[in-house]
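Asks: Next comes the sequence, and after it the predicted model I'd like to discuss.
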Amino acid sequence: MSALAADSIPLPSLRPMREADLPEVMAIEQRAYAFPWTQGVFRDCLLANHPAWVLVQDGEILGYGVISVAAGEAHVLNVCTAPEVQGRGHGRRLLRAILQLARGRGAQRVFLEVRPSNKPAIALYHDEGFNEIGRRPRYYPAKDGREDALVMALELLADED
Ligand SMILES: CC(C)(COP(=O)(O)OP(=O)(O)OC[C@H]1O[C@@H](n2cnc3c(N)ncnc32)[C@H](O)[C@@H]1OP(=O)(O)O)[C@@H](O)C(=O)NCCC(=O)NCCS
């Protein structure tokens with residue numbers, strides 16, 4: 001690719017997820033997870049006004065993050081990068097962006113569940129400061145029955161002005 005062409009590709013940017021994004025989001029969700037969310041789950045999240053971002057480059061969605069916030073606590077509901085563009089920093093950027101949204105809505109603590117088999121996600125969460133605080137037995141559907149969830153938590157520091 002010529003330097004000129006490389007220069008003309010816009011950098012990925014974040015914007016709120018909207019209903020019209022759902023077919024593209026679902027296409028990624030189905031490629032990225034063995035047990036994907038349905039479109040109805042995403043729609044419910046938007047209707048419930050859960051903060052949700054998409055990361056977009058050149059009009060194409062690269063990934064998304066969804067979080068819920070209530071009573072000073074946030075819950076990471078979904079963080080996902082399209083399989084073809086994983087390993088390029090997009091997941092970390094999305095996670096940081098939804099944590100910032102949670103902070104902006106007054107969250108002091110963030111929780112999430114993750115499959116113990118999901119090493120890339122666990123590595124990302126540890127790296128961003130999450131600690132394991134417990135396990136939910138048989139939480140997820142799995143190929144051979146059920147899989148536990150690791151529960152991880154992060155204390156959010158208030159923004160320094
Ligand atoms: C987890 C996920 C969001 C990470 O997104 P990504 O864009 O690939 O992640 P990044 O490129 O930002 O990497 C951030 C960190 O994640 C970890 N990571 C990413 N891919 C990894 C891999 N294949 N193996 C181990 N660690 C990995 C590393 O700690 C990495 O930091 P580093 O680059 O400094 O080593 C992505 O793998 C994904 O969408 N998976 C499918 C959906 C999913 O499981 N979501 C989490 C549900 S709990």
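Replies: Structure received. Residues are numbered from 1 along each chain as shown.
Asks: For the protein, give me the ranges with low pLDDT.
Replies: Within the chain, the stretches with pLDDT under 70 are 1-7, 159-161.
Asks: Residues of this structure that sit close to the ligand?
Replies: Residues of the chain found near the ligand (Cβ under 6 Å from any ligand atom) are 32-33, 79-81, 86-92, 114, 118-121, 123-124, 127. Quick note: C-beta positions are derived from backbone N, CA and C, even for glycine.
Asks: Report the buried members of the residues you listed.
Replies: Among these, those that count as buried by neighbour count (16 or more other Cβ atoms under 10 Å) are Val79, Cys80, Thr81, His90, Gly91, Val114, Asn118, Ala121, Leu124.
Asks: Let's see which of the residues of the chain next to the ligand end up in helices.
Replies: Secondary structure from DSSP state H places Ala32, His90, Gly91, Arg92, Lys119, Pro120, Ala121, Ala123, Leu124, Asp127 of the residues of the chain next to the ligand in helices.
Asks: Among the residues you listed, which one lies nearest to Asp144?
Replies: Among these, Lys119 lies closest to Asp144 (Cβ to Cβ), at 18.3 Å.
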